[in-house]
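Q: Have a look; sequence and predicted model below, questions after that.
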Amino acid sequence: MANLAALKEAVEVGDRASAVRITREAVDEGLDPRTILAAMTAAMEVIGTRFQNQEIYVPEMLISARAMKEATAVLEPVLVEAGIRPQHTAVIGTIKGDLHDIGKNLVAMMWKGANIEVIDLGTNVSPERFVEAAREHGAHLVGISALLTTTMVGMRDVVAAIRAADLGGIKVIIGGAPVTQDFADQIGADGYAPDAASAVEVAREALRAG
Ligand code: B1M
């Protein structure tokens, strides 16, 4: 019988081959795909906590995320067939004028790890593009990343454009090295996360607030 504890362990240590093999075994045995996904999500939670505690760094986090990505690729057709979709959708991007994407990619991975569907708009994303994508995908969350003091000011325009577009109760979460909670409050964002691991809890809290 497929060992889900071993699957969790494989994702934690970034052992792609084992993660994929155990996921295949579990799928072949007809295990509920949600249970299989939960084992991987639990692994990413552990990774997030270790990252926050500075027990691991960006490379280890990327290795785990890659293992999860490959294993979820095996699971995805089963989830689709069973009509199981993530409950929430996020669009994420780096602000206009800014090409830094390593931190944004980590947040996207952690959100995917937390079973949020993520539409990644890449870098240099205009306020109009954020709004258009949020509308197109019926997003519940918008994530904006900025690494430059010169570009972070543009986050204010994205928040304003989202509010003006009247997209329901959509939540805006911001982050990036120069960004602070104070700045998030000033521009009316719904949340600020200092790192990719806490971005999961901040997103969950914002979504819970409705
Ligand atoms: Co640039 N760069 N860079 N750079 N770069 C910085 C940011 C800088 C601090 C370097 C320095 O001068 N010491 C400086 C900014 C100064 C400032 O404005 N305060 C700088 C500059 C000036 C520039 C250029 C202007 C340089 C030039 O051309 N003269 C230029 C700008 C280009 C542009 O964007 N238009 C430039 C270019 C580049 C590269 C293209 C060469 C490359 C980017 C490659 C890429 O991303 N694909 C690059 C890099 C790599 C860096 C440094 C070295 C590393 C950034 C990084 O990836 N960190 C950086 C210096 C440094 O930080 N030591 C620097 C690792 C990453 C995991 O951390 O992105 O902070 P970070 O993400 C964290 C959190 O911030 C948070 O979670 C992540 C994980 O915990 N987070 C979020 C991020 N986004 C979030 C979103 C959230 C929540 C949390 O919610 C949605």
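A: Yep, it's here. Keep in mind that what you see is a predicted model, and the values were worked out from it rather than measured.

Q: any idea how far Gly154 is from Trp111?
A: When distances are taken as CB to CB, to the nearest Å, Gly154 and Trp111 turn out to be 22 Å apart. No exception for glycine: its C-beta is placed from N, CA and C like everyone else's.

Q: meant to ask about Thr41, not that
A: Applying CB to CB, one obtains 11 Å for the distance of Thr41 from Trp111.

Q: Tell me which of the two has more neighbours.
A: The residue with the greater number of neighbours, taking Thr41 and Trp111 and applying other CB atoms under 10 Å, is Trp111; the counts read 27 against 19.

Q: so what's that one closest to, chain neighbours aside?
A: Here the nearest residue to Trp111 in space, its sequence neighbours aside, is Val118; by CB to CB, 6 or more residues apart in numbering that works out to 5.1 Å.

Q: longest helix anywhere in the chain?
A: helix 58-81 (DSSP state H).

Q: how distant is that helix from the center of its chain?
A: Computed by CA atoms, centre = their mean, to the nearest Å, the chain-centroid distance of helix 58-81 equals 12 Å.

Q: And it, what's buried?
A: 60-61, 63-65, 67-69, 71-72, 74-75, 78-79 (16 or more other CB atoms under 10 Å).

Q: try stretch 195-204
A: Going by neighbour count (16+ other CB under 10 Å), the buried part of stretch 195-204 is Ala196, Ala197, Ser198, Ala199, Val200, Glu201, Val202, Ala203.
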